[in-house]
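Asker: structure, please.
(one chain, ligands or ions: 1)
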Amino acid sequence: MPQPVVAIEQLVHRYESAASERPVLGGVSLVIYPGEIVVLTGPSGCGKTTLLTLVGALRSAQTGSLQVFGKQLVAAAPGALVAIRRRIGYIFQAHNLLSFLSARQNVQMALELHSTEMLAERSAAMLTAVGLADKLAAYPENLSGGQKQRVAIARALVNRPPLVLADEPTASLDSASGRAAVELLRDLAREQGTAVLLVTHDSRIHDIADRLVRMEDGLIVGGGA
Ligand SMILES: Nc1ncnc2c1ncn2[C@@H]1O[C@H](COP(=O)(O)OP(=O)(O)OP(=O)(O)O)[C@@H](O)[C@H]1O
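Answerer: Below you'll find the model as predicted:
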């Protein structure tokens, strides 16, 4: 077996504001291997987004073990979390595009943190891969919801990250464009060997998963292994 991209063991998380209550994550274990597409489902409030933000190094992990790219994130220093974040692509429910930048500039933004080589070409090539070759200069306000989410997918993948995290990526889209967007994400992730952890309520896109993981009440109840 290759080294896991994500290895979680008995991860427990409590929000400070609710310190006395039951933890939001009550001992989660989950392993994701390179190139695997894992879809995480479960009822509202069961802890999916909390788990995604912990894996994404967007909040500090407290108890248990959470390794991303072989690095332990429980009790990690803030600088170590920043270094992990640079190697992850993120796709959120709202596309989070910057309105004052064109489609190409929004994708290029992800690259400027890392390299100075051929930024415009790489961004344009990625937008072409998501079917937006004719929209490079368009601003978000002139793109449809599905097109904006495809720009967000291009931005998440342009660095060829080993891991992409997606939180309800179809929530603001109609079912046809939602499906097209996640199929595109799956196909590009496959080509690049990128692992994907995707949170969704949308049962119509469960079939894009290599593995479907179900959470309830802060625990994984199916597909975790
Ligand atoms: N910043 C926070 N402070 C305190 N409690 C929080 C915070 N964020 C989330 N929670 C609580 O933690 C629990 C899990 O929330 P989380 O957003 O992880 O669930 P979810 O499964 O993603 O839900 P949904 O599907 O509705 O997005 C909920 O009870 C929520 O109210």
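
Asker: alpha carbons only for contacts and neighbour counts from here, please
Answerer: Noted.

Asker: all strands for the protein, in order.
Answerer: In the chain, strands defined by DSSP state E lie at 6-13, 25-32, 37-41, 63-68, 71-72, 88-91, 163-167, 195-199, 211-216, 219-222, listed in chain order.

Asker: distance to Gly56, mean pLDDT and mean neighbour count added to those strands, as JSON lines?
Answerer: Shown next, in JSON lines, are those (distance: least, C-alpha to C-alpha, whole Å; pLDDT from 0 to 100; neighbours: other C-alpha atoms under 10 Å):
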{"stretch": "strand 6-13", "distance to Gly56": "10", "mean pLDDT": "97", "mean neighbour count": "20"}
{"stretch": "strand 25-32", "distance to Gly56": "13", "mean pLDDT": "96", "mean neighbour count": "19"}
{"stretch": "strand 37-41", "distance to Gly56": "14", "mean pLDDT": "96", "mean neighbour count": "25"}
{"stretch": "strand 63-68", "distance to Gly56": "9", "mean pLDDT": "97", "mean neighbour count": "20"}
{"stretch": "strand 71-72", "distance to Gly56": "12", "mean pLDDT": "96", "mean neighbour count": "16"}
{"stretch": "strand 88-91", "distance to Gly56": "7", "mean pLDDT": "90", "mean neighbour count": "23"}
{"stretch": "strand 163-167", "distance to Gly56": "7", "mean pLDDT": "94", "mean neighbour count": "24"}
{"stretch": "strand 195-199", "distance to Gly56": "10", "mean pLDDT": "96", "mean neighbour count": "26"}
{"stretch": "strand 211-216", "distance to Gly56": "17", "mean pLDDT": "96", "mean neighbour count": "19"}
{"stretch": "strand 219-222", "distance to Gly56": "18", "mean pLDDT": "92", "mean neighbour count": "18"}
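
Asker: could I get those as a markdown table with distance to Asn142?
Answerer: As requested, the strands of the chain are arranged in a markdown table below (distance: least, C-alpha to C-alpha, whole Å):
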| stretch | distance to Asn142 |
| --- | --- |
| strand 6-13 | 37 |
| strand 25-32 | 37 |
| strand 37-41 | 31 |
| strand 63-68 | 37 |
| strand 71-72 | 41 |
| strand 88-91 | 20 |
| strand 163-167 | 24 |
| strand 195-199 | 27 |
| strand 211-216 | 35 |
| strand 219-222 | 41 |
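
Asker: nearest to Ala120, out of these?
Answerer: Closest to Ala120 of the strands of the chain, according to C-alpha to C-alpha: strand 88-91, at 18.5 Å.

Asker: and the closest one, what other elements does it pack with?
Answerer: Applying 3 or more C-alpha pairs under 8 Å, 6 or more residues apart in numbering; DSSP states H and E, we find strand 88-91 packed against helix 145-157, strand 163-167.

Asker: what about that strand, distance to the chain center?
Answerer: 4 Å (C-alpha atoms, centre = their mean, to the nearest Å).

Asker: can I get it as PDB, trimmed to CA atoms?
Answerer: This file holds the C-alpha atoms of strand 88-91, laid out as PDB (Å, rounded to 0.1, in the frame of the first residue of the first chain):
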ATOM      1  CA  ILE A  88      -4.200  21.300  -0.600                       C
ATOM      2  CA  GLY A  89      -6.800  22.500  -3.100                       C
ATOM      3  CA  TYR A  90     -10.100  23.800  -1.600                       C
ATOM      4  CA  ILE A  91     -13.600  24.000  -3.200                       C
END
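
Asker: partner strands of that strand and their direction?
Answerer: Strands adjacent to strand 88-91 in the sheet, as given by DSSP bridges, are strand 163-167 (parallel).
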